[in-house]
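Engineer: Following is a predicted model, sequence given first.
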Amino acid sequence: EELREDEDQVKGQRWALRDELAEACTERELLQSELDGVLRARSVALDRLRCEEQLLISEVKEMAQEEAESTHQLCRLSQLLESESRQRTRSNSIMTFGSVQSSEFS
């Protein structure tokens, strides 16, 4: 009888261990599913960020190109204005010189 009680006790412990093992496996599967979901979400977020990064890089390059073109245009305009100013100065000098000469001859 004592042997039978021991066998029953061991049998009960085995069933308890099986139940714990089944629970642990179920919990592991749930955790794995959650982890997979988090990894998928992370991957999607990273892909979205990479796309956004490429768009921002393109925008910055475009703005830099526009700024370079604008700077070039401003430099060219400045050169033209400077050249025009020099020509006016020469014209004024010539006109002044001509006025001085004609007044000397009068």
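Structural biologist: Okay, I see it. Numbering: from 1, shown residues only.

Engineer: What are the boundaries of the strands in this protein?
Structural biologist: With DSSP state E, there are no strands along the chain.

Engineer: low-confidence ranges in it?
Structural biologist: Regions of the chain meeting the criterion pLDDT under 70 cover residues 94-106.

Engineer: Pick out the residue closest to the middle of it.
Structural biologist: residue 53 (2.9 Å; C-alpha atoms, centre = their mean).

Engineer: Please give me every residue in contact with it.
Structural biologist: Listed by C-beta atoms under 8 Å, 6 or more residues apart in numbering, the contact set of residue 53 is empty. (C-beta placed from N, C-alpha, C; glycine too.)

Engineer: With residue 93 instead?
Structural biologist: Neighbours of residue 93 in contact, by C-beta under 8 Å, 6+ apart: none.

Engineer: and residue 15, how many neighbours does it have?
Structural biologist: Residues near residue 15, counting by other C-beta atoms under 10 Å, number 10.
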